[in-house]
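Student: have a look at this prediction, sequence included:
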Amino acid sequence: MTVSVGWRWVFLGLVPLVAVGVLMLVVVVRRLPTHEPATGGRRASVPQAIIAALGVAALTWAAQHQSLVALGYGTVGLIALGYALRRLLPSGTLTSRPGLPTVIASRALIAGAYAGMEAYLPLTMSAVHGYSPALAGLPLTITALGWSAASAAQGRYLDWSREASLRTGFWLVAAGLVGFGLVSQSWFPGWVAFVACAVGGAGMGIAMPAISVLLLRYSPEGERGFNTSAMQLADWVGSALLIGLGGVLLGAVGSVFDPSPAMTLLTVALVALAVVGVRLSGRWPSKV
């Protein structure tokens, strides 16, 4: 559709699906019992959420307009984001304290690392290996298939250790990211991207449900809403920052016509984060 009609129609084509999803959600929500808010539960701060959004926006804009001025407001945005996250995330998340903070930090790491790869894979496939737009995006479809298959498989085995599943997911994602780094080089065959996306997608399909289960396990009932929101926020912030990092590297040491040097550095950073995730997924309190 992007080649024959235009990329804007890809997004406009999702509008009817959103409407169908909303109608389905309304039907389900109306059947739920009346919600009684738990007393003493932690609540998110709307002003802090706005500060976090502005901080990410400042960082993203600075990444796209590299200058001394951009460095200044980008730094301010980073400080503001750190300040806001201390209120919007469970205590200890930024230092990856064992338990719930590790769960939230793991979501930020694995989602950000994989999003950083997905954002630049089509560019790499087209600029480095000469793939058409349709073929350049096809590995992302393989990611979705691997993700779905692995998620369905782990759902059939309720006795699996979710901590071990999370670690396995990080290892598979790291392997997929290494494949992306190799594919970003012109001397390496482009078809390996399909294998890398299948492996990385399987890692996401194993890790993401494990994170959700662990979140509920480590969350007091009255704070599950807050912690679920924090998990989504960590996902969004991690993805935005690492995609922005790729843009900075692309502007500093590469270009859209020759992304290989930038993608090499980006891969090193993403794989390092995945390995950090492996280490974190081995740190859990002895009792829940």
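Tutor: Sure, I can see it.

Student: CA only for contacts and neighbour counts going forward, please
Tutor: OK.

Student: quick one: distance of stretch 218-230 to the chain centre.
Tutor: Centroid separation between stretch 218-230 and its chain, computed with Cα atoms, centre = their mean, to the nearest Å, is 20 Å.

Student: now do the same end-to-end measure for it.
Tutor: Using Cα to Cα, to the nearest Å, the end-to-end distance of stretch 218-230 comes out at 13 Å.

Student: which helix or which strand is home to the most centrally placed residue in the chain?
Tutor: Central residue check for the chain by Cα atoms, centre = their mean: the C-alpha nearest the mean position is that of residue 111, 2.1 Å away. Of the helices and strands defined by DSSP states H and E, residue 111 is found in helix 100-129.

Student: list the helices and strands that helix packs on?
Tutor: Secondary-structure packing of helix 100-129 (3 or more Cα pairs under 8 Å, 6 or more residues apart in numbering; DSSP states H and E): helix 133-155, helix 162-183, helix 192-218, helix 224-253, helix 260-280.

Student: change it to 6 Å
Tutor: Packed against helix 100-129, as judged by 3 or more Cα pairs under 6 Å, 6 or more residues apart in numbering; DSSP states H and E, are the following elements: helix 133-155, helix 224-253.

Student: list the contacts for the residue nearest to the centre of the chain?
Tutor: With contact set as Cα atoms under 6 Å, 6 or more residues apart in numbering, residue 111 has these partners: residue 235.

Student: give me the pLDDT for it.
Tutor: Predicted confidence (pLDDT) at residue 111: the value is 96.

Student: and for residue 62?
Tutor: The predicted local distance difference test score for residue 62 is 83.

Student: got the domain boundaries for this protein?
Tutor: Taking automatic domain parsing as the domain assignment, the record places the domains of the chain at 43-88, 92-245+252-288.

Student: out of those, flag the one nearest residue 8.
Tutor: Using Cα to Cα as the measure, domain 92-245+252-288 is the one of the domains of the chain that comes nearest residue 8, at 14.3 Å.

Student: what about the closest one, distance to the chain center?
Tutor: Computed by Cα atoms, centre = their mean, the separation of domain 92-245+252-288 from the middle of its chain amounts to 6 Å.

Student: what sits against residue 99?
Tutor: Residue 99 makes contact with 284, 285 under the criterion Cα under 6 Å, 6+ apart.

Student: same question for the one 3 residues further on.
Tutor: With contacts taken as Cα under 6 Å, 6+ apart, residue 102 has the following neighbours: residue 96.

Student: just residue 108 next, same as before
Tutor: The contact partners of residue 108, taken as Cα under 6 Å, 6+ apart, are 234, 235, 238.

Student: same thing with residue 21?
Tutor: Residue 21 touches nothing, counting by Cα under 6 Å, 6+ apart.

Student: what strand or helix carries it?
Tutor: When the helices and strands are read off by DSSP H and E, the one containing residue 21 is helix 15-30.

Student: so after that helix, what's the next helix or strand?
Tutor: Counting by DSSP H and E, the next helix or strand C-terminal to helix 15-30 is helix 46-64.

Student: by contact count, what packs against whichever helix or strand comes after that following helix?
Tutor: Past helix 46-64, heading to the C-terminal end, the next element that is a helix or strand (DSSP H and E) is helix 68-88. For helix 68-88, the contact count by 3+ Cα pairs under 6 Å, 6+ apart identifies helix 46-64 as packing neighbours.

Student: any idea how far the nearest residue to residue 122 once chain neighbours are set aside is from residue 155?
Tutor: Closest residue to residue 122 in three dimensions, ignoring its sequence neighbours and counting by Cα to Cα, 6 or more residues apart in numbering: residue 136, at 4.7 Å. In this structure, residue 136 lies at 31 Å from residue 155, with Cα to Cα as the measure.
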